[in-house]
Structures are given as C-alpha cells and as structure tokens.
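Visitor: Fold the following and give me the result.
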Amino acid sequence: MGKDKGILHKERTNIMEQIPESKFEDKRSNVIEELVAQNVFKINGRQLYELSLYELMKEYTQKSLSS
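Guide: Below is the predicted model of the structure:
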C-alpha cells in the first residue's frame with residue numbers, strides 16, 4: 001500500500017509540474033513564444049528564459065511599437 005501511495009504521489013507531482021505556476025508564468029511563456037516568433041532569442045546577451053516578465057514585456061513592447 002505504501003508503494004501505491006508513492007506511485008500516485010509521483011504521478012500527481014508530474015501533472016502539477018506541467019501546470020504553469022501562476023498566471024504570471026503563463027503570461028511570461030506566451031511573451032517568450034511571441035519574441036521567438038519574431039526571431040528574438042536573447043536580450044542584452046541573456047537567454048529569454050533567464051529574464052523576468054517585466055524585462056520580456058519591455059522588449060516585446062519595443063518590438064511591437066517599432067513594427
């Protein structure tokens with residue numbers, strides 16, 4: 001029975017890892033996807049996934065306004 005609980009816990013943990021942590025994380029992922037679609041892969045020498053939502057939004061907004 002203890003083994004079954006471990007398996008269920010592991011499955012539940014895997015499912016939870018797939019769910020975005022918050023709306024901010026979901027928004028951040030969407031902005032990263034949009035920037036990649038515009039061929040932006042780095043900002044100031046840093047990978048997109050290393051940046052905060054604020055930094056990503058700033059770049060995204062600048063790109064949108066210049067287009």
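Visitor: which element follows the lowest-mean-pLDDT helix or strand in the chain toward the C-terminus?
Guide: Sorted by mean pLDDT, DSSP states H and E, the helices and strands of the chain end with helix 2-18, the least confident at a mean of 52. Where DSSP states H and E defines the elements, the next helix or strand beyond helix 2-18 is helix 23-37.
Visitor: Can you list the strands that the very next helix or strand once past that next one pairs with?
Guide: Next along the chain after helix 23-37, taking DSSP H and E as the criterion, comes strand 42-43. Sheet pairing of strand 42-43 (DSSP bridges) gives strand 46-47 (antiparallel).
Visitor: Can you tell me which helices and strands the helix or strand that the partner strand is followed by packs against?
Guide: For strand 46-47, the following helix or strand on the C-terminal side (DSSP H and E) is helix 53-66. Here helix 53-66 touches helix 23-37, strand 42-43, going by 3 or more CB pairs under 8 Å, 6 or more residues apart in numbering; DSSP states H and E. Heads up, the C-betas are built off the backbone N, CA and C, glycines and all.
Visitor: between these, which one is nearest to Tyr54?
Guide: helix 23-37 (9.7 Å; CB to CB).
Visitor: tilt between the closest one and helix 53-66?
Guide: Counting by axes from the mean of the first three to the mean of the last three CA atoms, to 10 degrees, helix 23-37 points 40 degrees away from the direction of helix 53-66.
Visitor: Could you list the buried residues of helix 23-37?
Guide: Neighbour-count burial for helix 23-37 flags 28, 31-32, 35 (criterion: 16 or more other CB atoms under 10 Å).
Visitor: Run a quick neighbour tally on Met57.
Guide: Neighbours of Met57 under the rule other CB atoms under 10 Å: 14.
Visitor: Excluding chain neighbours, what is closest to it?
Guide: Computed as CB to CB, 6 or more residues apart in numbering, the closest residue to Met57 that is not its neighbour in sequence is Val31, at 6.2 Å.
Visitor: right, and that neighbour touches Leu53 too?
Guide: Yes - counting by CB atoms under 8 Å, Leu53 is a contact partner of Val31 at 7.0 Å.
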